[in-house]
Each structure stands twice: as C-alpha cells, then as structure tokens.
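Asks: dropping the sequence and predicted coords here.
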Amino acid sequence: MFDFQITAQSGRARTATFVTPRGTVQTPMFMPVGTQGTVKGISPQELTDIGSQIVLANTYHLLLRPGPELVAAHGGLPGFTAYPGPFLTDSGGFQVMSLGHMRRITEEGVTFKSHLDGSSVYLSPERSVEVQQALGADIIMAFDECPPYPAEREYIQASLERTVRWLERCLTFKSREDQALFSIVQGGVHADLRQQSLDATLPFATPGFAIGGLAVGEGKTEMYEAVDYTAARLPSGKPRYLMGVGHPEDLVAGIALGVDMFDCVYPTRTGRFGYALTDDGRVNMNSSAPRSDLGPIDPECDCYACRHYTRAYLAHLIRAEEMLAPRMLSLHNLRYLHRLVERARAAIREDRYAEWAICWAERYFKGKN
Ligand SMILES: C=CCOC(=O)Nc1nc2cc3[nH]c(NC)nc3cc2c(=O)[nH]1
C-alpha cells in the first residue's frame with residue numbers, strides 16, 4: 001500500500017503511479033478541492049468523467065459542519081459524498097489561520113472561534129488525526145502551522161520546529177494503517193530554514209511529503225526558489241505535494257521541478273467568476289466578445305461544455321445568472337487542468353517535457369505583456 005513507482009523521467013519531471021486504498025493514481029496530478037464535501041456544483045459522476053483522481057476535503061470545515069461523526073456514520077467521505085475516492089484531507093492548520101478567528105496557538109494546539117457561529121473549537125495534532133481518521137480519507141496531512149506571510153525569520157524558525165514536534169505527535173497518535181500521513185516541510189522562503197525543516201522531517205520517512213508555507217503572498221520568484229530547493233531535496237521515491245498551487249503555469253513549472261501533486265481552488269473559483277482557462281490564456285466570459293462567439297470555449301477541449309455549448313450560450317447564461325454557468329465553467333476549468341497534466345505526463349514519457357513546457361508557455365502567454 002502507498003507504493004510510489006516512477007514510470008518515466010524527463011529532466012526533474014517524472015510520471016509515477018501511487019497506490020492508495022481506493023485506487024491507483026497517476027502523477028503528476030491535479031486534485032480538485034471539495035472543501036465541504038463537494039467540489040462546488042460538480043457531481044461525482046462529472047468528476048470521474050473529466051479524469052479526476054484524488055479529491056480534497058477540508059478538515060476545518062467538516063469538523064465545524066456537519067462534524068466528523070456524521071461522515072463516519074456514512075463509512076467516511078466516499079459514502080457521504082458518493083465520490084468513490086481516493087480522498088485527501090488537510091489537517092485544518094491552514095484554514096484555522098485563514099478562517100478561524102480569535103485564535104490562540106500554543107505548543108498544545110490551536111483554540112479558535114468558528115467562523116460559522118463563533119463557538120470555541122480546538123485542534124491539536126491528536127485531534128486533527130482523530131478527525132481525519134473519522135473522515136476516512138486515503139491520504140491525511142500532518143497538523144502543521146503555515147506561517148503568515150510576511151513573517152519574521154525567528155517566527156518561521158520557531159514555527160517549523162513546532163511543526164516537527166506536532167508531526168511526531170500526529171504519528172504517535174495515528175492508529176489506522178489504511179491511511180497515509182504526509183508530512184509537511186516548512187521554512188518560508190529561507191533556504192537555510194527549509195534545510196532545517198528537511199533535516200528534521202525526512203527521518204520520519206512518511207509515505208509522502210508536502211511543501212508547505214508557500215502560495216501565501218510571497219512573489220513567484222521566491223515561491224519557485226523555495227519549491228526548487230525543497231523538491232530537489234525530498235526523496236525521489238516518494239510523492240511530492242505542493243499545497244495550494246495553482247494556476248496552469250504553476251503546475252507546468254512545478255512539474256518541471258519534480259512536484260507530483262497539486263491542489264488549488266483556482267479552477268473552480270475563477271470558473272464561478274466567469275473565467276475560462278484555455279491554452280491561449282484565461283478568457284473573460286463576462287465581457288462582450290463571447291456573446292456573439294458561436295465557437296466553443298476551447299475547440300481542443302473534450303469537456304461537456306466544449307462539446308455542447310457555444311461561448312455565446314455560456315455568456316448568455318452568465319448574464320442571466322443561470323446556475324448552469326458556474327457549473328459549466330468550473331467543469332471546463334477542471335477538465336483543462338486535468339488535460340494539462342495528462343499532456344505533461346505524455347511529454348515526460350516521450351522525454352521531451354522541457355520542449356513541451358516551453359511551447360505551452362509561449363502560446364499561453366502570447367499577447368500578455
Ligand atoms: C491543503 C492540504 C493540506 O495542508 C495542510 O494540512 N496544511 C497546510 N495547508 C496549506 C494550504 C495552502 N494553500 C496555500 N495557498 C493557496 N498555501 C498553503 C500552505 C499550506 C500549508 O503550509 N500547510
């Protein structure tokens with residue numbers, strides 16, 4: 001279980017298979033985010049049809065509502081959501097920082113006020129693992145702290161050292177053998193702190209490793225330098241997961257640096273706002289041009305929206321505030337990212353990833369400054 005086998009390599013980019021209790025998945029992969037137990041507006045059948053593999057659910061949200069007990073009563077997330085999985089749950093740490101308020105962080109854990117009703121909630125390494133075990137994901141995440149950005153070097157260092165102590169507590173408490181716990185490397189944008197986090201985290205030899213603390217407002221250059229440094233020093237025989245990333249160009253760049261797994265709300269969120277992803281950049285379907293365009297969003301895309309609808313129809317739905325609009329744009333954007341990593345995997349198998357990535361980027365950024 002959790003066997004990760006590299007099947008092709010092209011530079012630092014690699015394709016691999018990863019065995020989880022609910023299915024063997026292909027990497028590099030993009031993981032749709034289903035925060036509250038649903039990828040907003042998209043049915044499980046549609047997710048399967050567009051090539052989704054692992055879907056994310058958020059521990060913080062499901063802890064607050066409906067509570068892990070109800071999900072456990074359904075046998076876990078697959079029974080609750082009717083998506084057969086595999087699932088990955090986050091540990092709740094990040095959401096507490098971004099959503100919880102009036103929070104107190106101590107060595108023991110984090111106490112915060114629910115953003116829903118202000119009730120006091122407590123998360124700790126042990127509580128986080130307990131909740132994730134009840135939710136029944138195939139991959140669970142260590143309870144970590146993602147430092148705010150910007151943050152003092154001293155804060156980032158103290159935070160990464162506590163995250164390592166929390167990792168040990170997570171692993172000590174963990175009792176289910178059918179769930180892989182991924183550890184999380186922190187250290188902000190400082191190479192020496194990244195190294196310190198690596199040195200302290202690698203000995204735990206978890207089935208996978210995540211690169212944390214990024215995509216929180218640091219510049220792209222700083223982010224990529226940290227990804228480059230960290231990914232190169234994570235074991236090649238384990239999956240590398242870059243959390244919260246990202247935009248199409250971030251996936252293409254991250255794969256080039258040896259990253260295997262990505263998640264981001266971007267495709268579904270920007271879809272709900274009326275933006276469609278294509279190889280020629282992002283199309284603003286709210287603008288006037290699409291209203292008379294009888295072509296599909298993307299003629300090369302095989303998603304339901306591109307096979308059945310013109311841009312004009314979708315633009316009409318957006319203006320009419322019809323609920324099919326955010327659904328179809330989200331569906332298309334998810335399919336776009338799945339197709340992007342499918343093409344990346346093909347390029348890696350042909351050992352031409354660099355050429356493919358440069359060609360993709362030239363077209364994607366053509367016409368942009
Ligand atoms: C979500 C997967 C599991 O993650 C955790 O359990 N903890 C965690 N989540 C993050 C999420 C992030 N999103 C972004 N940008 C949108 N940056 C992030 C950084 C972290 C992080 O350092 N830790």
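Replies: All right, it came through fine.
Asks: could you tell me which residues of the stretch 101-250 of the chain lie near the ligand?
Replies: For the stretch 101-250 of the chain, the residues in contact with the ligand (CB under 6 Å from any ligand atom) are 141, 144, 146, 184, 212-216, 243-244. Using the backbone N, CA and C atoms, a C-beta is placed for each residue, glycine as well.
Asks: so who does the residue positioned nearest the centre of the chain touch?
Replies: Computing the C-alpha centroid of the chain and ranking residues by CA atoms, centre = their mean puts residue 263 first, at 1.4 Å. Shown here is residue 263, whose contacts under the criterion CB atoms under 8 Å, 6 or more residues apart in numbering are 30-33, 56, 88, 241, 243-245.
Asks: try it again with 10 Å
Replies: With CB atoms under 10 Å, 6 or more residues apart in numbering as the criterion, the residues that contact residue 263 are 29-33, 54-56, 88, 90, 210, 241-246.
Asks: about what we covered before: mind giving me the PyMOL select for the residues of the stretch 101-250 of the chain next to the ligand, buried ones only?
Replies: Isolation of the buried members of these (16 or more other CB atoms under 10 Å) is achieved in PyMOL through the command below:
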select buried, resi 141+144+146+184+212+213+214+215+216+243+244
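Asks: which non-adjacent residue is nearest the residue nearest to the centre of the chain?
Replies: By the measure of CB to CB, 6 or more residues apart in numbering, the closest residue to residue 263 outside its immediate chain neighbours is residue 31, 4.2 Å from it.
Asks: state the pLDDT value of that neighbour.
Replies: Residue 31 is assigned a pLDDT of 98 by the prediction.
Asks: just the buried residues of the contacts of residue 263.
Replies: Among the contacts of residue 263, the ones that count as buried by 16+ other CB under 10 Å are 29-33, 54-56, 88, 90, 210, 241-246.
Asks: quick one: the residue nearest to residue 263 from residue 282, how far?
Replies: Going from residue 31 to residue 282 by CB to CB, to the nearest Å gives 20 Å.
Asks: repeat for residue 359
Replies: 19 Å.
Asks: tally of neighbours for residue 5?
Replies: Residue 5: 11 surrounding residues under other CB atoms under 10 Å.
Asks: scratch that, residue 312 is what I was asking about
Replies: Neighbour number of residue 312 under other CB under 10 Å is 15.
Asks: show me the contacts for the residue in the stretch 101-250 of the chain that the ligand sits nearest to.
Replies: Going by CB to the nearest ligand atom, the ligand is nearest to residue 244 of the stretch 101-250 of the chain, at 2.2 Å. For residue 244, the residues meeting the contact criterion (CB under 10 Å, 6+ apart) are 33, 90, 94, 146, 210-216, 250, 262-266.
Asks: quick one: which of the residues you listed sit in helices?
Replies: Residues from the contacts of residue 244 lying in helices, with DSSP state H as the criterion: 94, 250, 266.
Asks: okay, those residues in CSV with neighbour count and pLDDT next?
Replies: Supplementary listing: the ones in helices among the contacts of residue 244 in CSV, determined by neighbours: other CB atoms under 10 Å; pLDDT from 0 to 100:
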residue, neighbour count, pLDDT
94, 22, 90
250, 21, 98
266, 20, 98
